[in-house]
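Trainee: Sequence and predicted structure, then a few things I'm wondering about:
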Amino acid sequence: MYMNNDHIISSLNKELDDLESRIEDLSKKYYDLKKENELLKERQEREVSEKFKIKEKNQKVQSKVEGIINRLRSLEYNQ
């Protein structure tokens, strides 16, 4: 009976150690994924900001080109 209890305790201790190890692995994976997610969010915010700036520049260029076209048309009509 005494040997059986030692075996059960030993088995339970091993299971607890395995469980603790798995929890540590999951915890590390969680923090790694959390950090990766934060980096991806920061990257996405930068890309959205860059896209907005590019869109603004494109609108300014488009306005300038339209202005040049209008001036050329007015020169054409005046001749």
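Mentor: The structure has been received and is ready for your questions.
Trainee: what's the pLDDT at the residue nearest in space to the middle of the chain?
Mentor: Centroid-nearest residue in the chain, with C-alpha atoms, centre = their mean: Leu40, separated by 1.5 Å. Here, the pLDDT recorded for Leu40 equals 98.
Trainee: Same check on Asn78?
Mentor: pLDDT recorded at Asn78 is 75.
Trainee: list the contacts for it?
Mentor: Applying C-beta atoms under 8 Å, 6 or more residues apart in numbering, we find Asn78 in contact with no residue. C-beta: built from backbone N, CA, C; applies to glycine.
Trainee: ok, now how distant is Asp6 from Lys60?
Mentor: Separation of Asp6 from Lys60 (C-beta to C-beta, to the nearest Å): 81 Å.
Trainee: Could you do Lys35 as well?
Mentor: Per C-beta to C-beta, Lys35 is found 38 Å from Lys60.
Trainee: next one: Ser11
Mentor: Ser11 is 73 Å from Lys60, by C-beta to C-beta.
Trainee: Can you list the low-confidence ranges for the protein?
Mentor: Applying pLDDT under 70 to the chain flags residues 1-3, 79.
Trainee: What ranges does it have for its helices?
Mentor: Using DSSP state H, the helices of the chain run over 2-78.
Trainee: How many neighbouring residues does Lys55 have?
Mentor: Lys55 has 10 neighbouring residues, counting by other C-beta atoms under 10 Å.
Trainee: I misspoke; the intended subject was Leu12.
Mentor: Using other C-beta under 10 Å, Leu12 has 10 neighbouring residues.
Trainee: Might you report the residue contacts of it?
Mentor: Leu12 neighbours (C-beta under 8 Å, 6+ apart): none.
Trainee: Quickly note the distance from it to Lys51.
Mentor: Distance from Leu12 to Lys51, by C-beta to C-beta: 57 Å.
Trainee: do Asn5 as well
Mentor: According to C-beta to C-beta, Asn5 stands 67 Å off from Lys51.
Trainee: Also Glu36?
Mentor: 22 Å.
Trainee: Distance from stretch 61-79 to the middle of the chain?
Mentor: Here stretch 61-79 is found 44 Å from its chain centre; the criterion is C-alpha atoms, centre = their mean, to the nearest Å.
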